[in-house]
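K.L.:
no sequence for this one, just the structure:
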């Protein structure tokens, strides 16, 4: 362990203090954008109302759509959203390597789809955290029954440090456990306070801190945790007591950021970008509701509090109420509603402008681009997809590099160590098992939409100019063009036959055409013979003269 528990806790406190400005901002985002996301500086009791600061819900609903949008782009639940291939291109042509890569890929999705792993539920919370606070942390650890388990880590309980390249290399995760939970996990190794308190106060909580950081001078030849590249320490903070020491082969906490400002370690999300708009909209909504209430039920203007203030001459506002003295002897009203001059349509227009800005920051406008109420050609759809892909590339690219890639690396490492897949093929092992991740999700298809658009435009041009030169249709490989378009548009692979089936179908079609030509030729010949016989021509003599031999016996 690098340092004593006291030294680790002092370093942790310094990291906490350095993040205080972020915590204040994130607390405000929590109060008016994601009230159920968790606390930072104002810790509320479980079950408390958390919506007292929210008067207008545009930002809250936009955050939900943002999370759903990112999930559909990057990790859709009903799709195999990535593939694996060897980094050495020649190895991908070898059957053993390809089969092993496909098996590993299939097993990865089996692990994630296992209900006990909770991958997709935890990942969805992470996407919401990206939208609200610009940071997402996912913990990946081994399950006792095999496989892995995933846990979303609330940002209010998670702190990071970065290396010289601004990559996360140290994580602190704080968690509260009851005495009963601590003893169930560590048994006799649990802190003394937990072991003594379990009889009298089993539900009393204590704070535990998990710290993971690079191990200095580790020996990879060792088989115990000292041979692991990442050191793991769990401390009980109140007693500054070491509870558990271990290690990991990969950093188990995967931390990604939405966008990072120069000189900063923490990410910033879209909610922080439009926080002034969200706060303004909250105030506008309060003003709008007060103004609307006054218009619907205006204050009444009275001449004095005398004649109409008491007895039967009191103002009665209930339906059917009779107010004596409400008009004078000439029929003129003595009670008038207050005309505030409020321009409610103008106020609503101003609020709509704020709503549009908030929705745009959360990418809601991109989410709706393909749902326009008009018929669109395939080319128009690809044009929109191209535009979306260009706008989304920075967002999806960072998540693939900071979250999904390291996540897959961690999963594959656990899979191999647990023996969940057969040994690596020798030729792949010689290449040190290096592999590439090929993303096959909506985000990758949007990024490739320009390729699909180029194919469509080229084929359209060939179709147009082939009326002047029919040989132009021989230029493209139509089968390859259609297969490329299928990949870009994301149509199911089962829609297309494989290469062998296509070749068999082409051969069968050619054979049928040959037979039809033979039959048509035979029918034409028979008809010609019949015509010659009807005309009284000696068919055999004509054939002999033509050198064809005897045609009719």
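P.N.:
Cool, got the structure. What you see is a predicted model, and the numbers here were worked out from it, not measured in a lab.
K.L.:
Low-confidence stretches in the stretch 351-500 of the chain?
P.N.:
Where the stretch 351-500 of the chain drops to pLDDT under 70, the residues are 368-391, 447-450, 452-453, 487-494.
K.L.:
Tell me where it has helices.
P.N.:
364-367, 378-399, 405-417, 426-430, 442-447, 449-465, 478-489, 499-534 (DSSP state H, counting those that start in this stretch).
K.L.:
what's the closest of those helices to residue 24?
P.N.:
helix 378-399 (25.0 Å; C-beta to C-beta). Yep, even glycine has a C-beta here, placed from its N, CA and C like the rest.
K.L.:
What segments of the stretch 101-250 of the chain are strands?
P.N.:
135-142, 148-153, 158-162, 168-178, 205-214, 230-236, 241-248 (DSSP state E, counting those that start in this stretch).
K.L.:
Report the distance from the last one to the chain centre.
P.N.:
Going back to what we said before, that points to strand 241-248. Averaging C-alpha positions (C-alpha atoms, centre = their mean, to the nearest Å) puts strand 241-248 33 Å from its chain's average.
K.L.:
Could you tell me the per-residue confidence at the residue nearest to residue 338 when sequence neighbours are not counted?
P.N.:
Spatial nearest neighbour of residue 338, excluding adjacent residues (C-beta to C-beta, 6 or more residues apart in numbering): residue 299 at 4.4 Å. Residue 299 is assigned a predicted lDDT (pLDDT) of 78.
K.L.:
Now render the helices of the stretch 351-500 of the chain as a markdown table, adding mean neighbour count.
P.N.:
Below are the helices of the stretch 351-500 of the chain laid out as a markdown table (neighbours: other C-beta atoms under 10 Å):
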| stretch | mean neighbour count |
| --- | --- |
| helix 364-367 | 18 |
| helix 378-399 | 17 |
| helix 405-417 | 18 |
| helix 426-430 | 13 |
| helix 442-447 | 22 |
| helix 449-465 | 15 |
| helix 478-489 | 15 |
| helix 499-534 | 10 |
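K.L.:
Can you lay out these as a markdown table showing distance to residue 176?
P.N.:
What follows is the helices of the stretch 351-500 of the chain, written out as a markdown table (distance: least, C-beta to C-beta, whole Å):
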| stretch | distance to residue 176 |
| --- | --- |
| helix 364-367 | 36 |
| helix 378-399 | 30 |
| helix 405-417 | 26 |
| helix 426-430 | 45 |
| helix 442-447 | 37 |
| helix 449-465 | 47 |
| helix 478-489 | 48 |
| helix 499-534 | 58 |
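K.L.:
Which of those helices sits closest to residue 193?
P.N.:
helix 405-417 (33.3 Å).
K.L.:
what does the closest one rub up against?
P.N.:
82, 104, 107-108, 111, 138, 140, 142, 148, 249-252, 254, 421, 424, 435, 437 (C-beta atoms under 8 Å, 6 or more residues apart in numbering).
K.L.:
starting at the chain centroid, how far to that helix?
P.N.:
20 Å.
K.L.:
How about stretch 427-447?
P.N.:
19 Å.
K.L.:
hey, which helix or strand in the protein has the poorest pLDDT?
P.N.:
Lowest by mean pLDDT, DSSP states H and E among the helices and strands of the chain is helix 539-546, with a mean of 60.
K.L.:
which non-adjacent residue is nearest residue 31?
P.N.:
residue 53 (4.3 Å).
K.L.:
Pull out the buried residues from stretch 418-437.
P.N.:
420, 424, 425, 428, 431, 435, 437 (16 or more other C-beta atoms under 10 Å).
K.L.:
and the last one, bridged to which residues?
P.N.:
Meaning residue 437. residue 84 (DSSP bridges).
K.L.:
dump the residue contacts of it.
P.N.:
82, 83, 84, 400, 404, 405, 408.
K.L.:
mind redoing it with 7 Å?
P.N.:
By C-beta atoms under 7 Å, 6 or more residues apart in numbering, the contact set of residue 437 is 82, 84, 405, 408.
K.L.:
Could you measure from residue 60 over to residue 40?
P.N.:
18 Å (C-beta to C-beta, to the nearest Å).
K.L.:
do the same with residue 197
P.N.:
For residue 197, the distance to residue 40 - C-beta to C-beta - is 29 Å.
K.L.:
of these two, who's got more company?
P.N.:
More crowded of residue 197 and residue 40, by other C-beta atoms under 10 Å: residue 40, with 22 against 19.
K.L.:
I'd assumed residue 28 was in contact with the more buried one.
P.N.:
No - taking contacts as C-beta atoms under 7 Å, residue 40 lies outside contact range of residue 28: 9.2 Å.
K.L.:
what are the phi and psi angles of residue 283?
P.N.:
According to degrees, to the nearest 10, the main-chain angles of residue 283 amount to phi -70, psi -40.
K.L.:
okay, now it: neighbour count?
P.N.:
Residue 283: 11 neighbours (other C-beta under 10 Å).
K.L.:
OK, contacts around residue 266?
P.N.:
19, 22, 135 are the contacts of residue 266 under C-beta under 7 Å, 6+ apart.
K.L.:
phi, psi of the first one?
P.N.:
This points to residue 19. Residue torsions, per degrees, to the nearest 10, at residue 19 are phi -100, psi 10.
K.L.:
Please report the distance of it from residue 279.
P.N.:
Residue 19 is 22 Å from residue 279, by C-beta to C-beta.
K.L.:
before we move on, what about residue 511?
P.N.:
For residue 511, the distance to residue 279 - C-beta to C-beta - is 74 Å.
K.L.:
same check, this time on residue 247
P.N.:
45 Å.
K.L.:
Compare neighbour counts for the two and give me the winner.
P.N.:
residue 247 (18 against 15).
K.L.:
closest to residue 260 among the buried residues of stretch 418-437?
P.N.:
residue 437 (22.2 Å).
K.L.:
I'd guess residue 265 is in a helix, am I close?
P.N.:
No - Residue 265 is assigned coil when assessed by DSSP: H, G, I helix; E, B strand; the rest coil, not a helix.
K.L.:
residues touching the residue lying closest to it once chain neighbours are set aside, list them.
P.N.:
Among residues not flanking residue 265 along the chain, residue 162 sits closest, at 4.8 Å (C-beta to C-beta, 6+ apart). If you count contacts by C-beta under 7 Å, 6+ apart, residue 162 has them with 168, 169, 265.
K.L.:
Nearest to residue 357 among those?
P.N.:
Of all the contacts of residue 162, residue 265 has the smallest distance to residue 357: 27.8 Å, by C-beta to C-beta.
K.L.:
Next, count neighbours for that closest one.
P.N.:
Using other C-beta under 10 Å, residue 265 has 19 other residues around it.
K.L.:
Could you report the separation of it from residue 167?
P.N.:
From residue 265 to residue 167 the distance is 10 Å (C-beta to C-beta).
K.L.:
for the stretch 201-350 of the chain, which spans come out with low pLDDT?
P.N.:
303-313.
K.L.:
tell me the domain boundaries of the chain?
P.N.:
Following automatic domain parsing, the chain resolves into domains at 5-275, 513-546.
K.L.:
right, so these: which one is the most enclosed?
P.N.:
domain 5-275 (a mean of 17; mean count of other C-beta atoms under 10 Å).
K.L.:
what about that one, start to end distance?
P.N.:
39 Å (C-alpha to C-alpha, to the nearest Å).
K.L.:
how far does it sit from the chain's center?
P.N.:
17 Å.
K.L.:
about what we covered before: for the contacts of residue 437, name the two members farthest from one another.
P.N.:
84 and 405 (11.7 Å).
K.L.:
Just send the contacts of residue 266 back as CSV, with pLDDT and distance to residue 234 too.
P.N.:
Converted to CSV, those look like this (pLDDT from 0 to 100; distance: C-beta to C-beta, whole Å):
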residue, pLDDT, distance to residue 234
19, 95, 21
22, 96, 25
135, 97, 22
